[in-house]
Structures are given as C-alpha cells and as structure tokens.
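Engineer: I'd like to go over a predicted model; first the sequence, then the structure.
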Amino acid sequence: MIRYKHFSTNLKDTLSFKGIYIIGEGPSSKNLSPEVAFVGTKSFDRLIRILKLANIKISEVCMINLDRLPELIYLMSESPFDPFIICCGNKVDKGMRKLRVDWTVKVNHPSPRNLYWNSADSEKATAEFIKSRIPKNLLQS
C-alpha cells in the first residue's frame, strides 16, 4: 500500500524522507484540501496505478503543488538524501529546470482532461519510463 504524506503542517519533517516526490501544477477544485496535492482526484487514482505498475517499493509518496516548490527546494538543499522527483506536466518541469534541479523525470500530467491518457497503454508506458529512470533502491526486487 502506498501511503500519502503531504507538507501542509511541518515541511521540516520531510528532511529524512527517502521516497518519491510528485509535484503537480496546482490544486484542483476536487482536491480534499488546497494544501493536499492530487488527493481526492482522478489524477491521484491514476498516479497510484502508475506507481503500482512501476513496482515502487516505497511506503510513502510525498505530493506537493508547484506553489510549495520554494520551500521544498530549500529543504532538499538541507537534506542528506538525493530526492527522486516526478514532475507532472510541462509547467512543473520548466519550473524545476529554471531552478537547475536535474534529478527529475517528467511525465504527462495525470489529469483526465489530458488526451495522452486516452490510449489504453499510456499508464503502462509511463510506469515503464519511470521504472527505467528511478534509482534501483526504490524498486521492489
């Protein structure tokens, strides 16, 4: 089971986090809370399916929106761990590149409005792409 951890209360708690950060563009009107990225949306359901298809070993996934990025970048600079970041969409990817963050992988935004997901093989292809880029210590053996 993949548990969700978000940053709304105390961002410093994430300094020892060794999992995957998933960054979205901004809160959807369907989010359970504007502070909670993806949770409560169909995008969240799709992300969880993709992570399961990718055979992810982690017990936590940290999901944030682009508006929390400055705080996250600061914390990453203080962390002893190199994070693995999945950028959901072009806007997030461009933001990370402007900040010269190079340990990321870009995937299509998981929104149901994104036409990329109309193909039945899109989730599997995205999972395989993530799997090919993710550090091996985060995959199940």
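Structural biologist: On my side now, so go ahead. Residues are numbered from 1 along each chain as shown.

Engineer: Quick check: closest non-adjacent residue to Asn114.
Structural biologist: Distances taken as CB to CB, 6 or more residues apart in numbering place Asn108 nearest to Asn114, at 5.6 Å, with adjacent residues excluded. Where you see a C-beta, it was placed from the backbone N, CA and C, and this is true even at glycine.

Engineer: That neighbour: how many residues sit nearby?
Structural biologist: Neighbourhood size, Asn108 [other CB atoms under 10 Å]: 16.

Engineer: By neighbour count, which bits of stretch 129-140 are buried? Give me those.
Structural biologist: By neighbour count with 16 or more other CB atoms under 10 Å, stretch 129-140 contains the buried residues 130-131, 134, 138.

Engineer: Then stretch 99-110?
Structural biologist: Buried, per 16+ other CB under 10 Å, within stretch 99-110: 101, 104-110.

Engineer: Just those: which are in strands?
Structural biologist: Those of these mapping onto strands are 104-107, per DSSP state E.

Engineer: Show the residue spans covered by the strands in the protein.
Structural biologist: 3-5, 20-24, 60-65, 84-88, 104-107.

Engineer: Output the contacting helices and strands for the second one.
Structural biologist: Meaning strand 20-24. Packing contacts for strand 20-24, counted by 3 or more CB pairs under 8 Å, 6 or more residues apart in numbering; DSSP states H and E, involve helix 42-53, strand 60-65, helix 69-78, strand 84-88, helix 90-98.

Engineer: remind me which residues of this protein are low pLDDT?
Structural biologist: Residue ranges of the chain with pLDDT under 70: 1-18, 57-60, 75-76, 78-82, 102, 141.
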